[in-house]
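Novice: Here is a sequence together with a model predicted from it:
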Amino acid sequence: MTDRFRRSLPTIDVVLRLAAVVLAGLIVMRVLFAGTSGFWSILLVLAAAAALWGVIRLTTRLRAMLAEAHARSDEFASTSRVVSFLATRSRSRLAAVLALLTLVVHAAITGYVSVWTILVAVVLAAIATLLSPNLRLVALLGGTAAVFGVATVFVANMFQGSTEARALAISVAAIVLPVLVSDKLVTLIKQPALTTTHHAVLAVLTLLVGFLGWTRDDWLPGVVRDCYTLPTSTGITVLRATADGSRCYGLLDTPDAGVFAAAAFGRDPVTTTLERRILSHNRPLADGDLTVVWLGALSCDPLPTDPARCADGRDYPSERDQLRALLFAQTHLEATTDHRLHVVIADATQDVEHADEIAKLVIARREALGPRLVVIGGGDSRDTTQRAINRLLDAGIPFIAPNLLADLGAPGRPFVDRPGYLQLAPANLAYAEDTVARLRHRFPGGFRLDVYQHPNPTDQYTTSLVNDLLAAVKDAPGATARHLGAMERIDETICAGAVKGPPTVLFFADRWTRFGGFVARINEVCGHSRPQLVIADGSVGRFMANYQLRAVSNADWPVDYYVGGPACADLTEAGFADLTGQMHRHRDLLKLGGTFSCADRTAEAADAQLVNSCTLDAAVKLASQPCVPNDLGTFLIPAWDAVLLADRLLPAAPPAGRDYLSSLDLGPTELSTGVRATVRRGRLADATIAVRMWHVDPVNDPARSWERPSDGLRLPSDPAGVRPGGTPS
């Protein structure tokens, strides 16, 4: 009974072949999701399998014929060795398994099976066939190759001399030493003597392992950090590891980039879930489709004192709002047009440090991205962003910036003053002049403006804003201004009750990531008192959009700040219907329980005060204190308008050459807020986003905000409030 049961068990050979068949089936299923290229890969695999089957059948018949001829006659005595080899040489049972395993690994990494994969599999099968099916011998050769391959890497690092000399010495050592050592090892373990074929295979394997070790800086950081990708079936997705190997940057247009590639940028689960939802909507590009490369920052550097800073997602509220706009635009265009929106997410890491490298990746994949291509976003107005935009424009790729404001080169002009660059928001000079106008209205006798900004020559946004503010104050009678380059220079003259000199206004002209420290410095200086008046730039809108950061700020005093986009109340009825319709479609992702209604479109918001206002992002992020979303945030609408503007602007078949950008023209086109955008010769005639100041009182109560300036800073030209339905009153 026991013998019968033992004999009924499958042999190792059968198990290996069964595993090979299962893995081959997984490959076929994998490439089914790779679009047209995937189907071609299946055909190649089937053709290669048919050819291999034919060769095996032919070889079997040939062996039989040669063996029969050799047995009947002695005429083949002179060639008996060749005939005997061909007739009796056994095929390795591992040949098919090795070939299929290679296909599986490569398919998992790249997302498809290519011609090169098949060729590599054939080579490995040939090598395995030349070896005997002796597993101990195979293990011996493989282990020897690995040991000497690793050894050559250490030798390469220690060897002194030119690159050519070092390569020659290492190559000789990698060929001669393993061969000599392996002969001794074979004798010790009582295996048959190695043949010339075995020695050749051993040398090749050793050099291969050594090469992987020499080039480890090119691939190892990516593999370790899930940033390693080979070209996928669309030819778009590509990830790179940062210099320290801690983060990935690059392009993603598929939710499944391979076994060594991250499925999304960043570590926050809400952000990555949103990214995967967007990428899962992508389909192979067809005629007329619009490709949007969203350029921004979805990963950051954790602080030694706050290791959870990059893990909890609190750096990404505005970015998530923009990604939600892209998701809504995807389903909107699919439902209302005869084409689709293909989204490529481009993460340039914190402070868009790798923006210029992202531009190079986009240009290198220009053909795969389709003829109707636009880059939207930009993140921050920095030197690297400007270089990236200019590089894209040089390549004939238009760029739409919903929230870039810097005007360092020419005050009042766009961040990049060239055809093909469309900046929806006004330049920094407009915000500086608006600030001075409000302060002159409140303090007709004069004032002092203390402008805090940590000097950063590569940050064009903050540098130009400081310059514009200082220039604007010069034209205000009785007003003075000074630049505070360090928080230590913020003194008690900013506090309420200070009687010396004119009233002091403190203006925060830095990045929102420094606003928490800025608040702490004010509390330290003023103690139980409050600051007289604090105004913040548009970057602080990211801070105010974050429910958690406001709640833990310990600032029980008001702040007036500029916002980067319109409110929900500014939407036309058609625009409101479009967006709420898309929100309903993605209600599970947004945690939307019932019908969405904007808090600022209700009768209770007639004075522009929003109580218990909860943004879409806060509704998703707040787990311990859930809320019902009734606010879009200020970053969603500009991104939505940018996508729809690009779809109306870009022609179906763009002409070749750099003149393409200056040929872009679009008559007055209504956006979601009712503002009409006009493009002439590749330039936006006027900004589509107005200069808007809001305030919070206090900062640490995230349930309360006002979509208007505080009473002392309101101008006669400001709207008195908002009526239900979104019409300014």
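Specialist: Cool, the structure landed.
Novice: Would you map the strands across the stretch 451-600 of the chain?
Specialist: Ranges of strands in the stretch 451-600 of the chain, per DSSP state E, counting those that start in this stretch, are 479-484, 504-508, 534-536, 559-563.
Novice: nearest to Q609, of these?
Specialist: Set against Q609 and scored by CB to CB, the strands of the stretch 451-600 of the chain come closest in strand 559-563, at 14.2 Å. Just so you know, the C-beta spots here come from the backbone N, C-alpha and C atoms, and that holds for glycine as well.
Novice: Tell me the strands beside that closest one, with direction?
Specialist: Strand pairing for strand 559-563, determined by DSSP bridges: strand 534-536 (parallel), strand 692-696 (antiparallel).
Novice: could you dump these to JSON lines with mean neighbour count and distance to R681?
Specialist: Shown next, in JSON lines, are the strands paired with strand 559-563 (neighbours: other CB atoms under 10 Å; distance: least, CB to CB, whole Å):
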{"stretch": "strand 534-536", "mean neighbour count": "25", "distance to R681": "36"}
{"stretch": "strand 692-696", "mean neighbour count": "23", "distance to R681": "29"}
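Novice: I'd like to know which of those strands lies nearest to A297.
Specialist: Nearest of these (CB to CB): strand 534-536, 20.2 Å.
Novice: quick check: mean pLDDT across the closest one?
Specialist: For strand 534-536, mean pLDDT rounds to 97.
Novice: Now tabulate the strands of the stretch 451-600 of the chain in TSV and tack on distance to F518.
Specialist: TSV is the format used below for those (distance: least, CB to CB, whole Å):
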stretch	distance to F518
strand 479-484	10
strand 504-508	6
strand 534-536	9
strand 559-563	10
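Novice: Compare those strands and give me the one nearest R391.
Specialist: strand 559-563 (29.4 Å).
Novice: Tell me what angle that closest one forms with strand 504-508.
Specialist: Here strand 559-563 points in a direction 40 degrees away from that of strand 504-508 (axes from the mean of the first three to the mean of the last three CA atoms, to 10 degrees).
Novice: can you tell me which residues contact E433?
Specialist: Contact partners of E433, counting by CB atoms under 8 Å, 6 or more residues apart in numbering, are D468, A472.
Novice: Go ahead and report the secondary structure state at it.
Specialist: Recorded secondary structure, E433: helix (DSSP: H, G, I helix; E, B strand; the rest coil).
Novice: can you tell which of the strands of the stretch 451-600 of the chain is closest to G370?
Specialist: strand 559-563 (33.8 Å).
Novice: ok, V416 touching N390?
Specialist: Yes - assessed by CB atoms under 8 Å, V416 is found in contact with N390 at 6.4 Å.
Novice: So the two - more neighbours on which side?
Specialist: V416 (23 against 16; other CB atoms under 10 Å).
Novice: Leaving out chain neighbours, which residue sits closest to the more buried one?
Specialist: Counting by CB to CB, 6 or more residues apart in numbering, V416 lies nearest to I389, which is 4.9 Å off, once chain neighbours are set aside.
Novice: May I have the secondary structure class of the one you found?
Specialist: Strictly by three-state DSSP, I389 counts as helix.
Novice: quick one: contacts for it?
Specialist: A359, G378, F399, A401, F415, V416, Y421 are the contacts of I389 under CB under 8 Å, 6+ apart.
Novice: least confident pick among those residues?
Specialist: Among the contacts of I389, G378 has the lowest pLDDT, at 92.
Novice: That one and E357, how far apart?
Specialist: Distance of G378 to E357, computed by CB to CB, to the nearest Å: 15 Å.
Novice: which one of the two has more residues nearby?
Specialist: G378 (28 against 18).
Novice: Give me the contacts around stretch 669-688.
Specialist: So stretch 669-688 is contacted by 398, 418-426, 430, 566, 570-572, 574-575, 578-579, 637, 640-641, 644-645, 648-649, 661-668 (CB under 8 Å, 6+ apart).
Novice: Just want the phi and psi numbers for C227.
Specialist: phi -120, psi 10 (degrees, to the nearest 10).
Novice: Report the beta-bridge partners for it.
Specialist: Where C227 sits in a bridge, its partners, by DSSP bridges, are A261.
Novice: Excluding sequence neighbours, find me the nearest residue to C495.
Specialist: C526 (4.0 Å).
Novice: Now do the contacts for that neighbour.
Specialist: E492, I494, C495, A496.
Novice: R320 now?
Specialist: Shown in contact with R320 (CB under 8 Å, 6+ apart): V270, T271, L274, G313, D617.
Novice: Could you rerun that using 6 Å?
Specialist: Under the criterion of CB atoms under 6 Å, 6 or more residues apart in numbering, the contact list for R320 reads T271, L274, D617.
Novice: Closest one of those to F596?
Specialist: Among those, and counting by CB to CB, the member closest to F596 is D617, at 13.8 Å.
Novice: and the nearest residue to P457 once chain neighbours are set aside, how far is that from R482?
Specialist: Nearest residue to P457, sequence neighbours excluded (CB to CB, 6+ apart): T463, at 6.8 Å. Noted for T463: a distance of 16 Å to R482, by CB to CB.
Novice: do the same with L323
Specialist: For L323 relative to R482 (CB to CB), the value is 40 Å.
Novice: same thing with D510?
Specialist: 15 Å.
Novice: of those two, who's got more company?
Specialist: D510 (26 against 13).
Novice: which ones are touching that one?
Specialist: Q453, H454, T462.
Novice: With distance to L713 added, can I get those in JSON lines?
Specialist: Output for those, formatted as JSON lines (distance: CB to CB, whole Å):
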{"residue": "Q453", "distance to L713": "21"}
{"residue": "H454", "distance to L713": "25"}
{"residue": "T462", "distance to L713": "22"}
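Novice: can you list the residues you listed in TSV and add distance to R676 and neighbour count?
Specialist: TSV is the format used below for the contacts of D510 (distance: CB to CB, whole Å; neighbours: other CB atoms under 10 Å):
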residue	distance to R676	neighbour count
Q453	35	23
H454	39	16
T462	32	27
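Novice: quick check, nearest of these to F443?
Specialist: Proximity of these to F443, judged by CB to CB, is greatest for Q453, which lies at 21.9 Å.
Novice: what sits against the closest one?
Specialist: Contacts of Q453 (CB under 6 Å, 6+ apart): T462, V466, A509, D510.
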